[in-house]
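Participant: predicted model, plus sequence, below.
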Amino acid sequence: MIGITMGDPAGVGPEITLKAVAEMSVEDRAQTRIFGNLATLRHVATMLSIPIDPGSDVGVTDLPIKGAPLPMGKLDPRGGDASFRFIEAAVRAAEKGEIACIVTAPINKESLNLAGHHYDGHTGMLAALTGGKAWMLLASDRLKVIHVTTHVSLKDAIARITPERVLETIRQGDAHLKRLGHAAPRIAVAGLNPHCGEGGLFGTEDMTQIAPAVAAARAEGIDARGPISADTLFHRAWNGEFDLIVAQYHDQGHIPVKLVAFDTGVNVSVGLPIDRTSVDHGTAFDIAGQGIAKHINMNAAIAYARRLAAGRHA
């Protein structure tokens, strides 16, 4: 069973969720449950003529929202609070084994914080709800990237790139790819500084913070290589030389994936006691309720979730 959280009720989450469910086979639909607000889902299905009856054609864990359905495309703390409650309910269901993987539609960080839920996004929230640690992995057909740091300033990111954290990121990426069927994943670790510091000319972090972690990973039997200069690494991985890149900070990993797989890239939370995938875009308030939001990314996130569920079962 796959659980889909509806996301912010005022965003495109309800729309892309229903469009994706409408395209499923009867068998897959029977193995899907939406965590959201039934009044909102039915309102969106009717308004946009999406051929699905939420609660009848697909299971729904219905959580109340005062005044639902909310105005589409409007920042509202009620939407932020609802987003949190959808995710919390799905996490608890996953912990009980009622669902095998969570697929999350987009939330709005400003709405979330206005409602008093102070997280930097899904990844931090899921880590807090499960009491675990989470790493962000972006996956596409030809390029997969896991991040040492994500939603922090560049200055703070550099401080957080320690040998211990880089090594644990390599381990998490290696374990994740093995679940997907890679017997010996080829992992490339990106350098931090231009040309990996040019022997200390442009900084010493690559020698002191990243290289020791790569050496330690190799000593554990992981096929890790690096640090490798980031200006050539992504091209090499795109051409099939590596199965996974370890990026040191948010933009280093996000920009290449979104360049080559903007509509199909999947955000995966790695390292948690539960599985979670997500669309890799925001709530798109500017087009919410207009029926033009694409659900290609949601389809990709659901497909990846089913692969993870199969891997966990195996």
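Facilitator: Arrived safely.

Participant: surely residue 158 and residue 206 touch.
Facilitator: No - taking contacts as CB atoms under 8 Å, residue 158 lies outside contact range of residue 206: 11.3 Å. From N, CA and C alone the C-beta is placed, and that goes for glycine too.

Participant: identify the contacts common to the two.
Facilitator: Contact criterion CB atoms under 8 Å, 6 or more residues apart in numbering; residues shared by residue 158 and residue 206: residue 192.

Participant: if you count surrounding residues, which of the two has more?
Facilitator: residue 206 (28 against 17; other CB atoms under 10 Å).

Participant: wait, what's in contact with the more buried one?
Facilitator: 191-193, 196-197, 227.

Participant: TSV for the residues you listed, including pLDDT, distance to residue 80 and secondary structure?
Facilitator: As requested, the contacts of residue 206 are exported to TSV (pLDDT from 0 to 100; distance: CB to CB, whole Å; DSSP: H, G, I helix; E, B strand; the rest coil):
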residue	pLDDT	distance to residue 80	secondary structure
191	98	38	coil
192	97	34	coil
193	96	38	coil
196	96	41	helix
197	93	42	helix
227	98	39	strand
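
Participant: wait, which of those residues is closest to residue 45?
Facilitator: Distance to residue 45 across the contacts of residue 206 (CB to CB) is lowest for residue 192, with 47.4 Å.

Participant: how much space separates that closest one from residue 181?
Facilitator: Taking CB to CB, to the nearest Å as the measure, residue 192 falls 31 Å from residue 181.

Participant: higher neighbour count, the two?
Facilitator: residue 192 (24 against 11).

Participant: so the closest residue to residue 177 other than its chain neighbours versus residue 133, what's the distance?
Facilitator: Counting by CB to CB, 6 or more residues apart in numbering, residue 185 is the residue found nearest to residue 177 once chain neighbours are left out, at 3.9 Å. Noted for residue 185: a distance of 20 Å to residue 133, by CB to CB.

Participant: what of residue 292?
Facilitator: 38 Å.

Participant: strands of the chain, residue ranges please.
Facilitator: Secondary structure of the chain, counting by DSSP state E: strands at 2-5, 32-36, 59-62, 101-104, 135-139, 144-147, 187-190, 224-228, 244-247, 266-270, 276-279.

Participant: including mean neighbour count and distance to residue 21, could these go into a markdown table?
Facilitator: Output for these, formatted as a markdown table (neighbours: other CB atoms under 10 Å; distance: least, CB to CB, whole Å):
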| stretch | mean neighbour count | distance to residue 21 |
| --- | --- | --- |
| strand 2-5 | 27 | 8 |
| strand 32-36 | 25 | 6 |
| strand 59-62 | 18 | 10 |
| strand 101-104 | 28 | 11 |
| strand 135-139 | 25 | 22 |
| strand 144-147 | 25 | 26 |
| strand 187-190 | 27 | 35 |
| strand 224-228 | 23 | 39 |
| strand 244-247 | 28 | 31 |
| strand 266-270 | 24 | 17 |
| strand 276-279 | 27 | 14 |
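
Participant: Serialize those to TSV and add fields for distance to residue 18.
Facilitator: Output for these, formatted as TSV (distance: least, CB to CB, whole Å):
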stretch	distance to residue 18
strand 2-5	10
strand 32-36	8
strand 59-62	11
strand 101-104	13
strand 135-139	24
strand 144-147	29
strand 187-190	38
strand 224-228	42
strand 244-247	33
strand 266-270	19
strand 276-279	14
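
Participant: right, and residue 111 touches residue 80 too?
Facilitator: Yes - counting by CB under 8 Å, residue 80 is a contact partner of residue 111 at 3.3 Å.

Participant: what residues are shared contacts of those two?
Facilitator: residue 8.

Participant: residue closest to the middle of the protein?
Facilitator: Centroid-nearest residue in the chain: residue 267, 2.5 Å away (criterion: CA atoms, centre = their mean).

Participant: so that residue bridges to which residues?
Facilitator: Beta-bridge pairing of residue 267 under DSSP bridges involves residue 138, residue 278.

Participant: show me what contacts it?
Facilitator: Counting by CB under 8 Å, 6+ apart, residue 267 has contacts 122, 136-138, 277-280, 301.

Participant: got it, and residue 288?
Facilitator: 10-12, 15, 72-73.

Participant: which non-adjacent residue is nearest residue 237?
Facilitator: residue 245 (5.3 Å).

Participant: roughly how far does the residue nearest to the centre of the chain sit from residue 281?
Facilitator: Counting by CB to CB, the gap from residue 267 to residue 281 is 9 Å.

Participant: about what we covered before: the residue nearest to residue 237 reaches residue 140, doesn't it?
Facilitator: No - Residue 245 lies out of contact with residue 140 (CB under 8 Å); the separation is 11.5 Å.
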